[in-house]
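Asker: with the sequence up front, the predicted model follows.
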Amino acid sequence: MPDRRPLSLLLVAPALAVVLALFLYPLGYSLVSAFTARNGEPSLENFVKTFDLYGTDIVFTVVIVVASTVLTGLFAAAIGGYLVLGAHPFAVTLLKWLYRWPLFIPFIVAAQCMRTFLAKNGMLNNTLDTLGLVDVTSLSGLLDWRGIIVTFVWKETPFVALLVSGAMAALDRASIEAARNLGAGGMRILVEILLPQVTGVMTVGLILAFVTMLSVLSVPIMISGGSPTMITVDMAFRVNAYSDYGVANALGFVSYLIAGLGAWVYIRRNVRSTTEQ
C-alpha cells in the first residue's frame, strides 16, 4: 500500500500555514515584544510600567469578568432548568424563542443598544417612569461598571444556556419524576439532580464565556468611558496614543495569564473526569 502521509500533510498545509501566519507568529512576536525594552534589550520594564499605570484596571477587569461569569452561570442554570421543568408550555415555548436572540448580535451592536437602554434618559428609566414606579429625574444611568456587567451577562447567557439546557434535556427523566413523586420542588430538583449532572457542560460554557468577555473591547469602551476600565481599552490606548507596543503586549501577556487560569480549570476538569472513568 502506498504511503499516504505526504498527501495528508499536503492537505493540511494550507490550514497549518494560516495558523502559523495569523496566530502563532503574532503571538510569539507579542510575547517577545513584551519582554523587550525600547532599545531592544531584554527587560521587565514594560511589566513594571504596566502594573504601575494599570494595576487597578487589571483588578477591575478580573472582578468584572468573574462577576459576569458567575451571573451568566446563574441565569443559564435558571433558563435551562425552566425549559426542562417548566409546567406552562406557552411560557416554555416563549422563553425558548426569546433567550437565543442575543446569540446573533455582535458585541459592538449589543454595546450600542445598551447605551440607549441604560442611559439616564434611556429606555429603561423612561419605561419605569412611565409605569409610575420611579421618578426619572432622581435616577442615574447605568453606563459604568454595572452596564458592562449587564451587557456581558445579556450577551453570553444564551450561549451557556443553550449548552446547559441541551445537556439537561438529554438526561434520563426517571430521576426527575421520582423526585417529583417524593415531593421535591422545582428548585430542589434543579440544584440537587440536574445541575450536578451537567457540571462539566456548564464549566466548558462558562470558561468559553469567560475568555470571550476578557477579550472584548467594544463593550467597555462604549459603555463606560471612565476609569478604571478594562485592559483591552488600555491596550488600544497604548497603541493608538503612544505607539507603545511593549506595554500593550505586556498587558496582553497579563490577559494570557488570566485566560490561562480558565484553561487550567478546563484541563483539570477533563483530567479528573478521565481519571474517574
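Answerer: Sure, I can see it.
Asker: centre-most residue in the protein?
Answerer: When C-alpha atoms, centre = their mean is applied to the chain, the residue found nearest the centroid is Ala209 (2.8 Å).
Asker: can I assume it is in contact with Ala161?
Answerer: No. Using C-beta atoms under 8 Å, Ala209 is not in contact with Ala161; the gap is 10.5 Å. Where C-beta positions appear, they are placed from N, C-alpha and C, glycine not excepted.
Asker: tell me what the lengthiest helix in the chain is packed against?
Answerer: In the chain, with assignment by DSSP state H, the single longest helix is helix 45-85. Contact here means 3 or more C-beta pairs under 8 Å, 6 or more residues apart in numbering; DSSP states H and E; on that basis helix 45-85 packs against helix 89-98, helix 145-169, helix 186-189, helix 199-214, helix 231-242, helix 245-276.
Asker: could I get the average pLDDT for it?
Answerer: Here helix 45-85 scores 94 as its mean pLDDT.
Asker: please identify the most buried of the helices and strands packed on helix 45-85.
Answerer: Most buried of the helices and strands packed on helix 45-85, by mean neighbour count (mean count of other C-beta atoms under 10 Å): helix 145-169, with a mean of 22.
Asker: average pLDDT across that one?
Answerer: 93.
Asker: what's next to whichever helix or strand comes after it, contact-wise?
Answerer: Next along the chain after helix 145-169, taking DSSP states H and E as the criterion, comes helix 174-181. For helix 174-181, contacts defined as C-beta atoms under 8 Å, 6 or more residues apart in numbering pick out 84-85, 188-189, 192-194.
Asker: then stretch 21-37?
Answerer: 42-47, 245-246, 249-250, 252-253.
Asker: quick check: buried residues in it?
Answerer: Buried residues in stretch 21-37, defined by neighbour count with 16 or more other C-beta atoms under 10 Å: 30, 33-36.
Asker: name the nearest residue to Met222, ignoring sequence neighbours.
Answerer: Closest residue to Met222 apart from its sequence neighbours, by C-beta to C-beta, 6 or more residues apart in numbering: Ala111 at 4.1 Å.
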